[in-house]
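>>> the amino acid sequence is not available; the structure is as follows:
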């Protein structure tokens, strides 16, 4: 059984710490280790290191391999360009098939935080069990609030139990809803947050790609024939240029028959913004969180997140602020507004301040 | 006629820019020039450079002389330690008498901002006129709000006119009032903010010091005999150690008879805190002020003051913030709380973080 960690993403919402060369998963924003290191450490009790593959972009491969010295270099699969999750997953499936034949693959995002890793590993093991039925299995996170920032999965009929856990057929997969819809989703008790984690046999997903994304499948077959040959990199690059950019959710999961959801609750957090980092951080009595070894003094200030490893920071009379300093930039963001950090990154692009990207 | 600029003050309220080695008047926090440079430039149309004396402390003399290359070095009078304004003024009066005999001296703080320098100079000229009557003359600022951060001067009977301007005897000099009292002061129309500017003949102030502060006068006479001699510095240091620390307001002005106030309105601002700097700064349509050549991007942020010359600063969803960055420190302060910056400085002292002072 193989794990495929998808480490694409630019992570513009973590500017100024996330940069073109350092997306979110390569940053230590939730603890002492980087998010990718935490992700790998979390699954090592259930996956052999040699069976953990990581798919990433050219720009990030070197830093990623540096952060994960135990992962063999040949397990780091480089995409020449980002083409969304369907292509990424298809490419990883080819690599596994070539290495080991038809195997179960667990597809995991590189950049999530998990509060209860023991439960997480148990759920993964159950999902792997379910995938043995030739099903496409996803994990649905039991929602505790009507988030509008996530996609949702609607459960259908019971699919029985795996490892003592209920599993359901998927009735529908929904894009990010508006607030009213999100509220009705949560109230219904039949909807889960889409975790972006998938479990299937390599043959199962490649068959479904062939059925629902034939153009992608044609491209993948060209790549398959080139794997391990001298022209592999060139073929992959040529094929990728023309591949459709489509998510596995939209391209396959919404359309296929044999799709199941395994509801779970293991303290999942997608670490989608600085607000999420604040929620995850250790806080003092005044709700202030200090990260990166920052030396900070607070006077009449509460609920602030401060990251400034190289400077003394004094905060006076301020509430609900996120302060992040790097060598060349400083972000001051009101809590609740951290989604708008990506607007800053857009402004940096249009203002030709690309050196700050 | 001589000008004496009192350049003592630590300016802890402008941390992290004001430091032990750089008090407020040596900083460019209100414009391109430093406050002391602006102060000197402002009076140069009415005082000859050779007649401008500056009294300062040992730690700051070198930087001060660097900032004011046109002021002769011998015009920079060094106090061995701070002993409040009465000693400072007495020492300056001795220097003027030794240089030029009995002259009018204008005593001006080093660290105020003036919105209307033309009117300011006219008022000074009128005050100098009034001082020729052997009076002690001060300038009272017409208050536009019941400030509790200033002392007040109460007018008494008319003293006639000087240079076409009304002048009044001083009935009382008041310490910083509470808010109710400040409001009644302003409503009465008879109270002015105490500007800390004084005008008198050197003989007049030394006579009054002899009368009301005899200990100070004894010390000053010892210094007088030592001026220009090889043991001058040692004598001044020895005498200063034992001098009473008293303000000229409390020590002389409240007690003397021949005290007058010249009411004025020339856009006076004592630049007492970062809030005052914000008030004085140029602002954009959203009320954001950027100083020090800072490169800043605002997204949904209003009424902020940003000083960070070396970094790009992005402000998202924040209102009424003061952000000041230096090489080793970063201040984030809610507008209206900048008086509390001095608490940060106190904490730095007690926490043994003296390198940030």
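Great, that's in hand. Since this is a predicted model, take the numbers as computed values, not measurements.

>>> now do stretch A:327-338: distance to the chain's middle.
Relative to its chain's centre, stretch A:327-338 lies at 22 Å (Cα atoms, centre = their mean, to the nearest Å).

>>> end to end, how far does it reach?
Start-to-end span of stretch A:327-338 (Cα to Cα, to the nearest Å) is 20 Å.

>>> now that stretch: mean pLDDT?
For stretch A:327-338, the per-residue pLDDT values average out at 96.

>>> that stretch near chain B at all?
Yes - using Cβ under 8 Å from any Cβ of the partner chain, stretch A:327-338 reaches chain B at A:328-334, A:336-338. Where C-beta positions appear, they are placed from N, C-alpha and C, glycine not excepted.

>>> among those residues, which are in strands?
Here DSSP state E is the test, and these give A:329-334 as lying in strands.

>>> low-scoring pLDDT stretches of chain A, where are they?
Low-confidence segments of chain A, defined by pLDDT under 70: A:351.

>>> what parts of it come near chain B?
Chain A comes close to chain B at residues A:15-16, A:295, A:297, A:299-301, A:304, A:308, A:311-319, A:321, A:323, A:325, A:328-334, A:336-338, A:340-341, A:343-344, A:347-348, A:351, A:353, A:356, as judged by Cβ under 8 Å from any Cβ.

>>> can you rerun that using 6 Å?
Contact residues (Cβ under 6 Å from any Cβ of the partner chain) of chain A with chain B: A:297, A:299, A:308, A:311-318, A:323, A:328-334, A:337, A:340-341, A:343-344, A:347, A:356.

>>> buried subset of these?
Taking 16 or more other Cβ atoms under 10 Å in any protein chain shown as the criterion, what is buried in the residues of chain A next to chain B is A:297, A:299, A:308, A:311-318, A:323, A:329-334, A:337, A:340-341, A:343-344, A:356.

>>> now the strands for the stretch 251-357 of chain A?
Remark: strands assigned in the stretch 251-357 of chain A by DSSP state E, counting those that start in this stretch are A:259-264, A:268-269, A:289-291, A:295-299, A:305-307, A:312-316, A:321-325, A:329-334.

>>> how about those strands, which one is nearest residue A:21?
Of all these, strand A:329-334 sits nearest to residue A:21, with 14.1 Å by Cβ to Cβ.

>>> hmm, who's touching the closest one?
With contacts defined as Cβ atoms under 6 Å, 6 or more residues apart in numbering or on different chains, strand A:329-334 is touched by A:16, A:322-324, A:356, B:308, B:311-318, B:323.

>>> now it against strand B:321-325, angle please.
On the basis of axes from the mean of the first three to the mean of the last three Cα atoms, to 10 degrees, strand A:329-334 is oriented at 160 degrees to strand B:321-325.

>>> and strand A:329-334 with strand B:312-316, angle?
Interaxial angle of strand A:329-334 relative to strand B:312-316 (the same axes, to 10 degrees): 10 degrees.

>>> and strand A:329-334, which strands flank it?
Paired neighbours of strand A:329-334 in the sheet (DSSP bridges): strand A:321-325 (antiparallel), strand B:312-316 (parallel).

>>> the last one vs strand B:295-299, what angle?
By that I understand strand B:312-316. For strand B:312-316 against strand B:295-299, the angle by the same axes, to 10 degrees is 10 degrees.

>>> what residues does strand B:312-316 touch?
Residues outside strand B:312-316 that contact it (Cβ under 6 Å, 6+ apart) are A:329-333, A:337, A:340-341, A:344, A:356, B:294-299, B:301, B:304, B:306.

>>> same check, this time on the first one
Residues from elsewhere that reach strand A:321-325 (Cβ under 6 Å, 6+ apart): A:274, A:304-308, A:331-333, B:332.

>>> please apply the same query to stretch A:134-148.
Residues contacting stretch A:134-148 (Cβ under 6 Å, 6+ apart): A:127, A:130-131, A:153, A:176, A:179, A:182-183, A:186, A:192-193, A:195, A:197-200, A:204, A:256, A:258-265, A:268.

>>> skipping its backbone neighbours, what lies nearest residue A:165 in space?
Take residue A:165 and drop its neighbours on the chain: the residue closest to it by Cβ to Cβ, 6 or more residues apart in numbering or on different chains is residue A:126, 5.0 Å away.

>>> typo on my end, residue A:287
residue A:303 (4.0 Å).

>>> just residue A:119 next, same as before
In space, residue A:119 is closest to residue A:266, 4.1 Å off (Cβ to Cβ, 6+ apart).

>>> quick one, what contacts the one you found?
Residue A:266 makes contacts with A:114, A:116, A:119-120, as judged by Cβ under 6 Å, 6+ apart.

>>> list just the nearest of the residues you listed to chain B.
Nearest to chain B out of the contacts of residue A:266 is residue A:114 (Cβ to the nearest Cβ; 27.9 Å).

>>> now the end-to-end length of stretch A:207-219.
End-to-end distance for stretch A:207-219: 14 Å, by Cα to Cα.

>>> next, the buried residues of stretch A:277-284.
Within stretch A:277-284, the residues that count as buried by 16+ other Cβ under 10 Å are A:277-278, A:280-281.

>>> which residues in chain A form helices?
A:35-43, A:58-67, A:84-100, A:117-131, A:179-188, A:202-212, A:214-226, A:232-242, A:248, A:274-280, A:341-350 (DSSP state H).

>>> helices and strands around the third one, which ones?
In terms of contact count using 3 or more Cβ pairs under 6 Å, 6 or more residues apart in numbering or on different chains; DSSP states H and E, helix A:84-100 is assigned the packing partners strand A:2-7, strand A:52-57, helix A:202-212, helix A:214-226, helix A:248.

>>> dump those to JSON lines, plus mean neighbour count and distance to residue B:105.
Listed next are the helices and strands packed on helix A:84-100 as JSON lines, based on neighbours: other Cβ atoms under 10 Å in any protein chain shown; distance: least, Cβ to Cβ, whole Å:
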{"stretch": "strand A:2-7", "mean neighbour count": "26", "distance to residue B:105": "73"}
{"stretch": "strand A:52-57", "mean neighbour count": "23", "distance to residue B:105": "73"}
{"stretch": "helix A:202-212", "mean neighbour count": "20", "distance to residue B:105": "90"}
{"stretch": "helix A:214-226", "mean neighbour count": "17", "distance to residue B:105": "88"}
{"stretch": "helix A:248", "mean neighbour count": "25", "distance to residue B:105": "84"}
